[in-house]
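Can you look at this prediction? I've put the sequence above it.
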Amino acid sequence: MNIADLLKRARQIWGPRPDDVARFDLKAHDLDQILVAMGVVYGDLCRWTRDQTVTTGPPYEELEKELGNLIFSTIRWCDDLGFDPEKCIERAIQCQVAFQKRGARHA
């Protein structure tokens, strides 16, 4: 699937952007709401990591799900904020390439 297909799927699940329809109950997330939602996923990832020190046989399906939630939701959130998700990804790639060229190890 490409990014446009993922965004289309997200809109099938969550509904169109509010400027696409005249319905008061469809509302794009604003930046504050997006940051809170990201924090929830981040917290889930932190709990998963913490719990792996207590259990054996880590449930990698849960990790996959949470990373997928972050990726899939971020595509929709870019659109909610009026950004083209593909352009956001391209900017991130350019930034990471430049960061790596400066000798950084992680981005």
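Structure's in. What do you need? Residues are numbered from 1 along each chain as shown.

where's the nearest residue to residue 85 once chain neighbours are set aside relative to residue 46, distance?
Using C-beta to C-beta, 6 or more residues apart in numbering and skipping residues adjacent in sequence, the residue nearest residue 85 is residue 78, 4.1 Å away. The C-beta positions use only the backbone N, C-alpha and C, and glycine is treated the same way. Separation of residue 78 from residue 46 (C-beta to C-beta, to the nearest Å) stands at 24 Å.

now do residue 93
Applying C-beta to C-beta to residue 93 and residue 46 gives a distance of 26 Å.

Could I get the full set of helices for this structure?
Taking DSSP state H as the test, the helices found in the chain are 3-14, 31-51, 60-80, 85-101.

Of those, flag the one that's most buried.
Neighbour counts (mean count of other C-beta atoms under 10 Å) averaged over each of these peak at helix 60-80, with a mean of 16.

who's in contact with it?
For helix 60-80, contacts defined as C-beta atoms under 8 Å, 6 or more residues apart in numbering pick out 3, 6-7, 10-11, 14, 17, 28-30, 34, 37-38, 41, 44-45, 48, 84-85, 88.

Restrict it to CA atoms and write it as PDB.
What follows is helix 60-80, C-alpha atoms only, in PDB (Å, rounded to 0.1, in the frame of the first residue of the first chain):
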ATOM      1  CA  TYR A  60       5.700  -9.000  19.400                       C
ATOM      2  CA  GLU A  61       2.200  -8.700  17.900                       C
ATOM      3  CA  GLU A  62       1.500  -6.000  20.500                       C
ATOM      4  CA  LEU A  63       4.700  -4.100  19.500                       C
ATOM      5  CA  GLU A  64       3.800  -4.400  15.800                       C
ATOM      6  CA  LYS A  65       0.300  -3.100  16.500                       C
ATOM      7  CA  GLU A  66       1.500  -0.100  18.500                       C
ATOM      8  CA  LEU A  67       4.100   0.800  15.900                       C
ATOM      9  CA  GLY A  68       1.500   0.400  13.200                       C
ATOM     10  CA  ASN A  69      -0.900   2.600  15.100                       C
ATOM     11  CA  LEU A  70       1.700   5.300  15.200                       C
ATOM     12  CA  ILE A  71       2.400   5.000  11.500                       C
ATOM     13  CA  PHE A  72      -1.200   4.800  10.400                       C
ATOM     14  CA  SER A  73      -2.500   7.500  12.700                       C
ATOM     15  CA  THR A  74       0.300   9.900  11.800                       C
ATOM     16  CA  ILE A  75      -0.700   9.700   8.100                       C
ATOM     17  CA  ARG A  76      -4.200  10.800   9.100                       C
ATOM     18  CA  TRP A  77      -3.000  13.400  11.500                       C
ATOM     19  CA  CYS A  78      -0.800  15.000   8.800                       C
ATOM     20  CA  ASP A  79      -4.000  15.300   6.800                       C
ATOM     21  CA  ASP A  80      -6.000  16.600   9.700                       C
END
